[in-house]
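Participant: Give me coordinates for this.
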Amino acid sequence: MKNDVSVKNKKLFEIDHQIDVLVKKIEMLNYVNPINIEKEKKKFYKSKYLKEPKFKYPKRDFDKFSLHKEFFALTIDDIEDEKLRDFYEDIIYFYSGLIQCIETIGKGKRFYYNSLRSFGTPTEQDVENAKFILHFESEDDKSEIFKPKYSATESHQFFREYSKNYDFSYSIKNSKTMGAIAMVSNSIQALVLNENHVFSENQINILTNHEIGVHMVTTMNGMLHPLKVFSHGFPNNEETQEGLAVFSEYMSGNLTVKRLRELAYRVLAVDSLAKGYSFSRTFRMLHNGYDLKKDEAFYISVRAHRGGGFTKDYLYLTGLKKIYDYHQKGKDLSLLLTGKVSLEYVDDIAYMIDKKHAINSKHITDSYSENKNTNKTVDFILKNLK
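Facilitator: This next block holds a predicted model:
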């Protein structure tokens with residue numbers, strides 16, 4: 001969509017463009033995923049879970065000092081619209097925090113404290129919610145739907161078939177260096193699958209709705225706005241985006257107690273960082289204390305400890321609860337699908353659409369049209385999270 005940029009708004013679009021250029025260099029997940037996970041896993045198992053993994057990370061390909069300087073050189077005071085000027089001030093501080101995170105990846109507590117500033121950490125209530133979920137028994141692991149069946153390459157067909165629901169295209173790639181089993185790369189509009197993982201039918205159902213139904217939808221919607229900040233992310237967008245994605249799993253009828261327990265374990269793993277746990281101690285807490293299978297315990301521990309302590313993972317559960325409550329109040333989710341946006345900025349989104357700086361969502365998550373959840377235990381859990 002083209003926009004007639006008035007003289008009054010010229011500075012707004014100049015600054016938005018400058019941020020667009022700068023932010024393309026700092027997609028966090030390009031740097032925080034270890035490149036030697038499988039090698040370190042073998043060593044860790046061989047040591048009987050005692051030897052701390054030594055993870056290696058991709059090299060940073062930008063000059064941190066130069067990037068910081070360019071961000072704070074932006075003359076946001078020249079934006080005449082006070083509401084948008086305040087918004088872009090938030091944007092600059094948010095991305096400055098991400099740069100600090102990236103520049104300290106692999107540097108232990110330095111990274112953890114920067115991660116803490118950018119993503120926060122679980123509250124006591126969040127931990128209680130996680131423990132509440134763990135009181136409920138998972139579905140039977142031996143059920144056909146949970147059996148690993150499909151390699152990453154074999155799984156491509158299922159994502160392609162599901163994507164016929166949407167009017168956009170993207171690439172699918174495999175990677176050997178991922179902490180997650182799948183992710184959407186916003187910068188290259190690609191779905192990336194973990195080549196080391198064998199996918200079950202349930203995981204494919206979850207991931208199609210989670211990764212394509214929300215993360216790819218918001219990627220594609222974000223690219224359509226006159227203001228490019230919708231593509232790269234509002235402050236604190238992770239909680240909203242992951243909440244929307246897990247809510248899509250719920251609405252499509254694919255959210256299980258097993259999956260909720262996984263999100264609960266992530267909260268406990270992130271909470272263990274604040275308690276000063278080492279990787280091996282977090283692993284033993286999950287494997288020995290909660291009887292989690294060793295591979296599951298390992299990868300959840302990797303997600304929490306990567307970089308030196310990455311706190312983002314607790315936001316899946318808090319985000320789900322916020323989006324669930326938002327939907328229960330009858331509020332429209334489409335504003336939250338306009339890009340990589342945050343629930344706390346929903347009024348700003350409506351304001352920018354009204355000012356013709358943004359547009360309504362073209363692509364809408366298909367699962368949101370009808371609630372297909374039939375799992376009464378899942379409903380009970382979501383209703384009773386605090």
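
Participant: low-confidence ranges in this protein?
Facilitator: Low-confidence segments of the chain (pLDDT under 70): 1-8.

Participant: Buried ones in the longest helix that it contains, by neighbour count?
Facilitator: Assignment by DSSP state H gives helix 82-103 as the longest helix of the chain. For helix 82-103, a neighbour-count test (16 or more other C-beta atoms under 10 Å) marks 84-85, 87-88, 90-92, 94-95, 97-103 as buried. To be clear about C-beta, it is placed using only N, CA and C from the backbone, and glycine gets the same treatment.

Participant: a strand runs through residue 50, doesn't it?
Facilitator: No - counting by DSSP: H, G, I helix; E, B strand; the rest coil, residue 50 falls outside a strand, being coil.

Participant: nearest residue to it other than its sequence neighbours?
Facilitator: Among residues not flanking residue 50 along the chain, residue 280 sits closest, at 6.0 Å (C-beta to C-beta, 6 or more residues apart in numbering).

Participant: give the contact list for the one you found.
Facilitator: 44, 49, 50, 51, 52 (C-beta atoms under 8 Å, 6 or more residues apart in numbering).

Participant: gap between the helix or strand hosting it and the chain center?
Facilitator: Using DSSP states H and E, residue 280 sits in helix 279-284. Here helix 279-284 is found 23 Å from its chain centre; the criterion is C-alpha atoms, centre = their mean, to the nearest Å.

Participant: Convert the C-alpha atoms of the longest helix of the chain to PDB, please.
Facilitator: The C-alpha trace of helix 82-103 is given here as PDB (Å, rounded to 0.1, in the frame of the first residue of the first chain):
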ATOM      1  CA  GLU A  82       3.200  13.300  20.200                       C
ATOM      2  CA  LYS A  83       1.600   9.900  20.400                       C
ATOM      3  CA  LEU A  84       3.800   8.500  17.700                       C
ATOM      4  CA  ARG A  85       6.900  10.300  19.000                       C
ATOM      5  CA  ASP A  86       6.400   8.500  22.400                       C
ATOM      6  CA  PHE A  87       5.900   5.200  20.600                       C
ATOM      7  CA  TYR A  88       9.100   5.500  18.600                       C
ATOM      8  CA  GLU A  89      11.000   6.400  21.700                       C
ATOM      9  CA  ASP A  90       9.800   3.100  23.200                       C
ATOM     10  CA  ILE A  91      11.000   1.400  19.900                       C
ATOM     11  CA  ILE A  92      14.500   2.800  20.200                       C
ATOM     12  CA  TYR A  93      15.000   1.800  23.800                       C
ATOM     13  CA  PHE A  94      13.600  -1.700  23.000                       C
ATOM     14  CA  TYR A  95      16.000  -2.300  20.200                       C
ATOM     15  CA  SER A  96      18.900  -0.800  22.100                       C
ATOM     16  CA  GLY A  97      18.200  -3.500  24.700                       C
ATOM     17  CA  LEU A  98      18.200  -6.200  22.100                       C
ATOM     18  CA  ILE A  99      21.600  -5.100  20.800                       C
ATOM     19  CA  GLN A 100      22.900  -5.300  24.300                       C
ATOM     20  CA  CYS A 101      21.500  -8.900  24.500                       C
ATOM     21  CA  ILE A 102      23.100  -9.900  21.200                       C
ATOM     22  CA  GLU A 103      26.500  -8.400  22.000                       C
END
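
Participant: other SSEs contacting it?
Facilitator: helix 10-23, helix 29-32, helix 64-72, helix 109-119, helix 346-354 (3 or more C-beta pairs under 8 Å, 6 or more residues apart in numbering; DSSP states H and E).

Participant: Can I get the third one in CSV, CA atoms only?
Facilitator: Going back to what we said before, that points to helix 64-72. Only the C-alpha atoms of helix 64-72 are listed here, as CSV (Å, rounded to 0.1, in the frame of the first residue of the first chain):
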residue,chain,number,x,y,z
LYS,A,64,27.6,-2.9,18.2
PHE,A,65,29.0,0.5,18.9
SER,A,66,28.1,1.9,15.5
LEU,A,67,24.6,0.4,15.7
HIS,A,68,23.9,1.9,19.2
LYS,A,69,25.2,5.3,17.9
GLU,A,70,22.9,5.2,14.9
PHE,A,71,19.8,4.4,17.0
PHE,A,72,20.4,7.2,19.4
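
Participant: what's the angle from it to helix 10-23?
Facilitator: 160 degrees (axes from the mean of the first three to the mean of the last three C-alpha atoms, to 10 degrees).

Participant: list the buried ones in helix 64-72?
Facilitator: 67, 71.
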